[in-house]
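Asks: my questions concern the predicted model and sequence given below.
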Number of protein chains: 2
Amino acid sequence: MPDLSSRQVSQLPPLQAIRVFDAVARHLSFTKAASELAMTQAAVSYQIKVLEERVGAPLFLRRPRQIVLTEAGQRLAPAVGEAFAILGQAYAAARAGADGLLCVTTVLTFASNWLAHRLGSFQIAHPALAVRLETSSRLTDFAREDTDIAIRSGGGKWPGLEAHKLLDADFTPMLSPKLAASIGGVNEPADLLRLPILDPGDIWWTEWFSAAGVHSHDLAKRPGSSMGAQAYEANAAIAGHGVAILTRALFKAELADGRLIQPFDLVGDDGHAYWLVYPQARRNVPKIRAFRDWLLAEIAC
Amino acid sequence: MPDLSSRQVSQLPPLQAIRVFDAVARHLSFTKAASELAMTQAAVSYQIKVLEERVGAPLFLRRPRQIVLTEAGQRLAPAVGEAFAILGQAYAAARAGADGLLCVTTVLTFASNWLAHRLGSFQIAHPALAVRLETSSRLTDFAREDTDIAIRSGGGKWPGLEAHKLLDADFTPMLSPKLAASIGGVNEPADLLRLPILDPGDIWWTEWFSAAGVHSHDLAKRPGSSMGAQAYEANAAIAGHGVAILTRALFKAELADGRLIQPFDLVGDDGHAYWLVYPQARRNVPKIRAFRDWLLAEIAC
DNA sequence: GGTCCGGCATAAGGCCTCCTTATGGGTCAT
DNA sequence: ATGACCCATAAGGAGGCCTTATGCCGGACC
């Protein structure tokens, strides 16, 4: 078993010299190698000299019309060629592979209520790109997780990250028509308090009731569970289990087909929004660019 | 069939960065890799950053206690490891191979009359060194021929070459005792002219006869062939075909056992000698050093 | 046989890569 | 809560490496 922990790398000669040697060995010409490597013949001559000194033996015989490999050169050339072939292939594969898989980490609600429906059109537009969608409630740290793009809610300012606003995280109560009918319709904000409030501890409720001019001191005392994601609360609301406070943009479909109703025009907005974010340094990576452009265009529709 | 004449080498990232990546991937630690590569942790960090920018994707995830490879890194690491393994092996082999084979080009006479007898003791002293002995009458050009060391005769001054004098190329007539007896013994230089002269055109004859005070104008007119090497002429002389003018040091054995006799003490010397030569730049190459030291020691005996 | 041409070697000089030192931030363990 | 470990970053400097310019050598072509 080879000792992987301490390869004798330090004994390798300058790698640039080896790269030059590879080109010269293939062309059997300093001048042609120089042109392939886009440098001068003098530089090639210099590098070969350096390598020959490190190897301790001439690698080429300088004949009038052309050069030929010495025995030492013949031993070295094939292996060097193979090593560079592997290297080039691996590098290309790494680039291509990195280009071919896009990892998106997103908050659950956005994924299920917005992205899921539309992702198909992105796949069609970019058939070479595979998308791995991951949901996480934590703020993704690009230095610690293998993620290209994240969608998160917040204020839009994160150091080192580029952020594009997708939609405002406004909020307004929603419920099923059936539940509303059960108390003869919801006509004014205070009516809501007669119904079960889903996640009553949510700060959004406090803000909305306060904006509506309704006292809601007792909200905090109510039993209830924070499900931590609008998607869950929305499902509960659709099932008629209570009133949820939700972002309109994410439930357009449910509002349109009547599974949910929005009883009041009053909409709260604490300045938060959903953002598309990625490391500033990677703003020009093709796959990131492609996803960003597509998503912003879709949002604009 | 791959296009060997123009590999896309230019697209490879800086090779130094790849070498660093290899070390980091094996250790999964910037600090440990730095210590293996004998550089600072900051330098490793820098090189990885460079490589990540070139690949277009992070290669490592920076976790609190350790780092781990990203998907892109996992794709790249094994191939890079393999490439460096090949490279290191080939380089070592080239060095070892170059160290293990010593190519000596020598004038024929020295090889057959001096070196051949003694080479065995060199092999015994250096069992790891294979010797390839080549004979050539031309002056070997180290830039054009795959030769480590040459033995040649001359004045001892060649630009760029280190030269050690082995023995003086003196010259004196020699012949078989039988041939001498055939004319009743060779008592004075002029007696030689009554015998066939091997290679009468040789300048050495002219010089020796002139030093001996004997006219030899007719020598040039004599038929005879220049065999071009003392070894051949010596064989002819031993066979009794004529008188040869030879270098004493090369025929000690023949003189000792009576196959040849040296009728006169008079020895010519035109300042030429046999020299051991090799490129100055390679004077410290182990195998060259070994051969030089051995040969000079043998000569001194 | 003289001159041109192709190809490699060498010298001098400058840029730019890459490494070092120094410092900071973040996490885990004591 | 503090120390230890590890990686990131900034600033600065040395040297590797490339370029331009020139020389040398051998072959080819009149």
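Replies: Sure, I can see it.

Asks: who's in contact with residue A:147?
Replies: A:103-105, A:134, A:140 (Cβ atoms under 8 Å, 6 or more residues apart in numbering or on different chains). Yep, even glycine has a C-beta here, placed from its N, CA and C like the rest.

Asks: which of the residues you listed lies closest to DNA strand D?
Replies: residue A:140 (16.7 Å; Cβ to the nearest atom of the strand).

Asks: where along the stretch 51-200 of chain A do the strands fall?
Replies: A:60-62, A:67-69, A:101-106, A:130-135, A:149-154, A:161-168, A:172-174 (DSSP state E, counting those that start in this stretch).

Asks: so which of those strands is nearest residue A:250?
Replies: Judged by Cβ to Cβ, the one of the strands of the stretch 51-200 of chain A that comes nearest to residue A:250 is strand A:161-168, at 7.7 Å.

Asks: strand partners (parallel or antiparallel) of that closest one?
Replies: Taking DSSP bridges as the criterion, strand A:161-168 sits next to strand A:273-279 (antiparallel) in its sheet.

Asks: is DNA strand D within reach of the strand it pairs with?
Replies: No: residues of strand A:273-279 contacting DNA strand D under Cβ under 7 Å from any atom of the strand: none, with a closest distance of 9.8 Å.

Asks: list the buried residues for the helix or strand following that strand?
Replies: Later in the chain than strand A:273-279, the nearest helix or strand by DSSP states H and E is helix A:286-300. Residues of helix A:286-300 classed as buried by neighbour count (16 or more other Cβ atoms under 10 Å in any protein chain shown): A:287-288, A:290-292, A:294-295, A:298-299.

Asks: please state the offset of helix A:286-300 from the chain centre?
Replies: Relative to the chain's own centre, helix A:286-300 is displaced by 12 Å; criterion: Cα atoms, centre = their mean, to the nearest Å.

Asks: for that helix, which helices and strands make contact with it?
Replies: Helix A:286-300 is packed against helix A:71-100, strand A:101-106, helix A:116-125, strand A:149-154, strand A:161-168, strand A:273-279, with contacts defined by 3 or more Cβ pairs under 8 Å, 6 or more residues apart in numbering or on different chains; DSSP states H and E.

Asks: what's the angle from it to strand A:130-135?
Replies: Taking axes from the mean of the first three to the mean of the last three Cα atoms, to 10 degrees, helix A:286-300 and strand A:130-135 form an angle of 60 degrees between their directions.

Asks: just the residues contacting helix A:286-300, thanks.
Replies: Applying Cβ under 8 Å, 6+ apart, the contact partners of helix A:286-300 are A:99-100, A:102, A:104, A:118, A:121-122, A:125-126, A:129, A:131, A:148-149, A:164, A:166-167, A:276, A:278, A:282-283, B:56.

Asks: ok, now stretch A:103-122?
Replies: For stretch A:103-122, the surrounding residues in contact (Cβ under 8 Å, 6+ apart) are A:129, A:131-137, A:140, A:145-153, A:166, A:229-231, A:234, A:247, A:249-251, A:253, A:274, A:291, A:294-295, A:298.

Asks: now, of those residues, which are buried?
Replies: A:129, A:131, A:135, A:140, A:145-153, A:166, A:229-231, A:234, A:247, A:249-251, A:274, A:291, A:294-295, A:298.

Asks: what's across from residue A:132 in the sheet?
Replies: Here residue A:132 shows beta-bridge partners residue A:103, assigned using DSSP bridges.

Asks: coming back round to it: tell me the two of the buried residues of helix A:286-300 that are most distant?
Replies: Counting by Cβ to Cβ, the most remote pair of the buried residues of helix A:286-300 is A:287 and A:299, 18.5 Å apart.

Asks: any chance of a markdown table for the helices and strands packed on helix A:286-300, columns mean pLDDT?
Replies: Formatted as a markdown table, those follow (pLDDT from 0 to 100):
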| stretch | mean pLDDT |
| --- | --- |
| helix A:71-100 | 85 |
| strand A:101-106 | 85 |
| helix A:116-125 | 89 |
| strand A:149-154 | 86 |
| strand A:161-168 | 87 |
| strand A:273-279 | 87 |
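
Asks: dump the ones you listed to CSV, plus distance to residue A:19.
Replies: Output for the helices and strands packed on helix A:286-300, formatted as CSV (distance: least, Cβ to Cβ, whole Å):
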stretch, distance to residue A:19
helix A:71-100, 7
strand A:101-106, 30
helix A:116-125, 39
strand A:149-154, 35
strand A:161-168, 36
strand A:273-279, 31
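
Asks: so for residue B:21, which of the ones you listed sits nearest?
Replies: helix A:71-100 (10.3 Å).

Asks: right, is that closest one up against DNA strand C?
Replies: No: applying Cβ under 7 Å from any atom of the strand, one finds helix A:71-100 separated from DNA strand C by no less than 12.5 Å.

Asks: can you list the residues of chain A near DNA strand D?
Replies: Contact residues, chain A versus DNA strand D (Cβ under 7 Å from any atom of the strand): A:14, A:16-17, A:20, A:38-40, A:42-43, A:46-47, A:50, A:64-65, A:143.

Asks: ok, so of the residues you listed, who is nearest residue B:194?
Replies: Within the residues of chain A next to DNA strand D, the smallest distance to residue B:194 is 50.3 Å, found for residue A:64 (Cβ to Cβ).

Asks: tally of neighbours for the closest one?
Replies: Close neighbours of residue A:64, defined as other Cβ atoms under 10 Å in any protein chain shown, add up to 6.

Asks: what's the spacing between it and residue A:72?
Replies: Distance, residue A:64 to residue A:72, by Cβ to Cβ, to the nearest Å: 21 Å.

Asks: and for residue A:190?
Replies: 93 Å.

Asks: which one's more surrounded, these two?
Replies: More neighbours surround residue A:72 than the other of residue A:190 and residue A:72, with 23 against 14 (other Cβ under 10 Å).

Asks: I figured that one was touching residue B:94, is that so?
Replies: Yes: look at residue A:72 against residue B:94 with Cβ atoms under 8 Å: they come within range, at 5.2 Å.

Asks: and the closest residue to residue A:195 other than its chain neighbours, what are its phi and psi?
Replies: Once flanking residues are discounted, residue A:195 sits nearest to residue A:243: 5.2 Å by Cβ to Cβ, 6 or more residues apart in numbering or on different chains. Residue A:243 has phi and psi values of phi -100, psi 130 when expressed as degrees, to the nearest 10.

Asks: what about residue A:243, how many residues close to it?
Replies: 27.

Asks: and what of residue A:278?
Replies: Around residue A:278 there are 22 residues (other Cβ under 10 Å).

Asks: on that earlier part again, what's the overlap in contacts for residue A:72 and residue B:94?
Replies: With Cβ under 8 Å, 6+ apart as the test, residue A:72 and residue B:94 both reach A:55, A:57.

Asks: ends of stretch A:213-233, what's the gap?
Replies: 24 Å (Cα to Cα, to the nearest Å).

Asks: correction: the previous question concerned stretch A:261-270.
Replies: End-to-end distance for stretch A:261-270: 22 Å, by Cα to Cα.
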